[in-house]
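**Q** Following is a predicted model, sequence given first.
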Amino acid sequence: MNEKQKRFADEYIMNGCNGKKAAISAGYSKKTAESLASRLLRNVNVSEYIKERLEQIQEERLMSITEALALSASIARGEPQEAYSKKYDHLNDEVEKEVTYTITPTFEERQRSIDHILKVHGAYIDKKEITQKNIEINIGEYDDES
């Protein structure tokens, strides 16, 4: 795969999978962009590269299990957590206020994190409520003389 094909593939991913736009952005002719994009997307090397990059991007966006457990452990220990807030004015299309602050987990949040960690590791025992019901069965009359 050459550099121009790689640029096409990257542009294709960035612009929401529009082949024609990706071809033009990668430096191909506007006149042939649509047919060229179709041909490039059928190219095994290009399609494999796109597939690998999309998987890589998805992995980077998702929180790993280790990362989630580390965050739960941090909350369970009561360590202060950084938080970020942004107020956006959609009418004027601008950010009105950005705030970064620190919060300390409450006792309830810490307990929920501990419960979560124990459940993940299989060390959590759910309370089960057991109720007992007596069942009466009437068989009929009993005749002792038979």
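**A** Everything's here; your move.

**Q** what's the helix or strand for the residue lying closest to residue 27 once chain neighbours are set aside?
**A** Once flanking residues are discounted, residue 27 sits nearest to residue 4: 6.2 Å by C-beta to C-beta, 6 or more residues apart in numbering. Every C-beta, even on glycine, is put in place using the N, C-alpha and C of the backbone. Using DSSP states H and E, residue 4 sits within helix 3-14.

**Q** Dihedrals phi and psi, the most centrally placed residue in the chain?
**A** Averaging the C-alpha coordinates of the chain gives a centre point, and the residue nearest to it by C-alpha atoms, centre = their mean is residue 62 (4.7 Å). When read as degrees, to the nearest 10, the backbone of residue 62 gives phi -80, psi 150.

**Q** Number the residues from 416 up from this point.
**A** Will do, 416 is the new start, and the previous item becomes residue 477.

**Q** how much space is there between it and residue 444?
**A** 38 Å (C-beta to C-beta, to the nearest Å).

**Q** can you check residue 507 too?
**A** 40 Å.

**Q** now swap in residue 518 and tell me
**A** Counting by C-beta to C-beta, the gap from residue 518 to residue 444 is 55 Å.

**Q** any low-confidence regions in this protein?
**A** For the chain, residues meeting the criterion pLDDT under 70 lie at 541-543, 557-561.

**Q** quick one: contacts of the helix holding residue 419?
**A** Residues outside helix 418-429 that contact it (C-beta atoms under 8 Å, 6 or more residues apart in numbering) are 416, 433-434, 436-438, 440-443, 452, 455-456, 458, 460-461, 464-465, 468-469, 472.

**Q** how about it: buried residues?
**A** 420, 422, 423, 424, 425, 426, 427 (16 or more other C-beta atoms under 10 Å).

**Q** Out of those residues, flag the one nearest to residue 531.
**A** Nearest to residue 531 among the buried residues of helix 418-429, counting by C-beta to C-beta, is residue 425 at 38.0 Å.
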